[in-house]
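1. Sharing a model that was predicted from the sequence below.
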Amino acid sequence: MNPTVQHRLSHLVLAAALGLLPAMALGQTTPKPAQGQRQDPVEEPMRETETRRETTRPGPSANPAVPPAVALPSGPGSGRAEAAPSLAGILAESPGWPTYRARFVTAQGRVVDTANGSISHSEGQGYGMLLAVAADDRATFERIWGWTRANLMVRSDALLAWRWAPDQRPAVGDLNDATDGDLLVAWALTEAAEAWGEGAYRTAARRIAVEVGRKAMLFKDPHGALLLPAVAGFSAADRPDGPLVNLSYWVFPAFQRLGLVAPEYDWQGLIRSGLDLLRQARFGPSRLPTEWISLKAEPRPADGFPALFSYNAIRVPLYLAWAGIGREADYAPFVTLWSGAAQDRLPIVDTRDGRAVEWLSEKGYASLSSLVDCAAAGKAVPADFETVRDSENYYPTTLQLLSMVAVRMRYASCLKR
């Protein structure tokens, strides 16, 4: 068996044994889509060349009732938006966006995760919308947003179902959300409203952001403001080691902007808590955060999950750099990890002993190491930093374009070669 596949299967076996897989994986009855939900036509699978991160959530697949005031924001103005360089049009002249759009965005507006069974998810729709704003491509933005609205906004609230599978009926088999996907879509709508002066985008952004604030943000935790990874499955009431967090869900540049649409929530508090947690979640000899972290007491790797710095966590330094925040020491473990030979293929690390257990070899991943070197030390990005390859999968290509956006917005001097 391919070692990568074997490694991923072992995660699934462990998760199934612990009862952590969603209902679809366990053969339980799946929730029906909301009345009137449009099913996108099943499309031909795109070519897969690399297996990417698992997209299972440890929370239950049902959507239990949630008390209406989980989040208690700070005083007025605590969520004010920060001034930030403009996202709109930052990729307007880049050939990378047309390549991305042709390869991953269907005519209906579905963003396809090519290495994950050609599924779609709220994360990918949000990334696609952000990149469309960055490319000043309103027509594609409208397509992606339209598909997202019709196919993922099928819950009873303003949040998004996290996963859509083309080979399953109903295509949405788990109504739980993913908070990072919710945030990315809300942020993209905010930027679109700013760029194109469309009030409907602002209204939609506010509805999602307020719902995240009400149902997924905790402001009375000893660790500071917390962001639950989903409405269901991660709180102290849901898990013995809860609350659980995933630091890659702290989308720092989004927090700097969501105060434009939902100023009553303390987005700046989330930035502070994210930095504090990152400085505490330095596990093992590599001093890296794991994917899932228990905050029952002091931060530690969560029960029932491999203690890996992996597919999700590699986004932590991306969001730090994109927001232009953090100290040199905050970047240091990532700079060390991705130096030398590891610049061209990024390791997945077992934080218990610092050992690389798998390598991410598609070139798009290497853009993260270039971005981190740029943000931490002002190092110029390599000559092929903006060369987008049409042979690579959704996730590394997305990370590459996001890294391009971050450098163009925050670190233009790193583009001088």
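-> Done, it's in. None of the values given here were measured: they were computed from a predicted structure. Residues are numbered from 1 along each chain as shown.

2. Could you use CA atoms for every contact and neighbour count after this?
-> Fine.

3. Extract the CA atoms of stretch 392-405 and return them as PDB.
-> Taking C-alpha atoms only, stretch 392-405 is exported to PDB below (Å, rounded to 0.1, in the frame of the first residue of the first chain):
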ATOM      1  CA  GLU A 392      -1.000  20.400  -9.100                       C
ATOM      2  CA  ASN A 393      -4.000  19.900  -6.800                       C
ATOM      3  CA  TYR A 394      -6.400  22.300  -5.200                       C
ATOM      4  CA  TYR A 395      -4.800  22.700  -1.800                       C
ATOM      5  CA  PRO A 396      -1.200  23.400  -2.700                       C
ATOM      6  CA  THR A 397      -2.300  25.700  -5.500                       C
ATOM      7  CA  THR A 398      -4.600  27.600  -3.200                       C
ATOM      8  CA  LEU A 399      -1.900  28.000  -0.600                       C
ATOM      9  CA  GLN A 400       0.400  29.300  -3.400                       C
ATOM     10  CA  LEU A 401      -2.100  31.900  -4.600                       C
ATOM     11  CA  LEU A 402      -2.900  33.000  -1.000                       C
ATOM     12  CA  SER A 403       0.900  33.300  -0.300                       C
ATOM     13  CA  MET A 404       1.200  35.500  -3.500                       C
ATOM     14  CA  VAL A 405      -1.700  37.700  -2.200                       C
END
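
4. Please point out which parts of it sit buried.
-> By neighbour count on 16 or more other CA atoms under 10 Å, the buried set for stretch 392-405 is 392-405.

5. I figured Ala281 hits Leu295, correct?
-> No - here Ala281 does not reach Leu295: they are 10.2 Å apart, not a contact under CA atoms under 8 Å.

6. all strands of the protein, in order?
-> Along the chain, counting by DSSP state E, strands occupy 120-121, 163-164, 217-218, 226-227, 244-245, 293-294, 300-301, 308-309, 346-350, 355-360.

7. Take those and write them to JSON lines, including mean pLDDT, distance to Ala200 and mean neighbour count.
-> Below are the strands of the chain laid out as JSON lines (pLDDT from 0 to 100; distance: least, CA to CA, whole Å; neighbours: other CA atoms under 10 Å):
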{"stretch": "strand 120-121", "mean pLDDT": "98", "distance to Ala200": "23", "mean neighbour count": "24"}
{"stretch": "strand 163-164", "mean pLDDT": "98", "distance to Ala200": "25", "mean neighbour count": "24"}
{"stretch": "strand 217-218", "mean pLDDT": "96", "distance to Ala200": "25", "mean neighbour count": "24"}
{"stretch": "strand 226-227", "mean pLDDT": "98", "distance to Ala200": "26", "mean neighbour count": "26"}
{"stretch": "strand 244-245", "mean pLDDT": "98", "distance to Ala200": "32", "mean neighbour count": "26"}
{"stretch": "strand 293-294", "mean pLDDT": "98", "distance to Ala200": "37", "mean neighbour count": "24"}
{"stretch": "strand 300-301", "mean pLDDT": "98", "distance to Ala200": "41", "mean neighbour count": "22"}
{"stretch": "strand 308-309", "mean pLDDT": "98", "distance to Ala200": "39", "mean neighbour count": "24"}
{"stretch": "strand 346-350", "mean pLDDT": "97", "distance to Ala200": "40", "mean neighbour count": "22"}
{"stretch": "strand 355-360", "mean pLDDT": "96", "distance to Ala200": "40", "mean neighbour count": "16"}
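
8. Looking at those strands, spot the one closest to Arg138.
-> Evaluated with CA to CA, the strands of the chain place strand 120-121 nearest to Arg138, the distance being 20.6 Å.

9. Quick check: neighbours of that closest one in the sheet, parallel or antiparallel?
-> For strand 120-121, the paired strands and their directions (DSSP bridges) read strand 163-164 (antiparallel).

10. wouldn't Asp113 be in contact with Tyr395 here?
-> Yes - proximity of Asp113 to Tyr395 meets the contact threshold set by CA under 8 Å, at 7.1 Å.

11. Great, nothing more from me.
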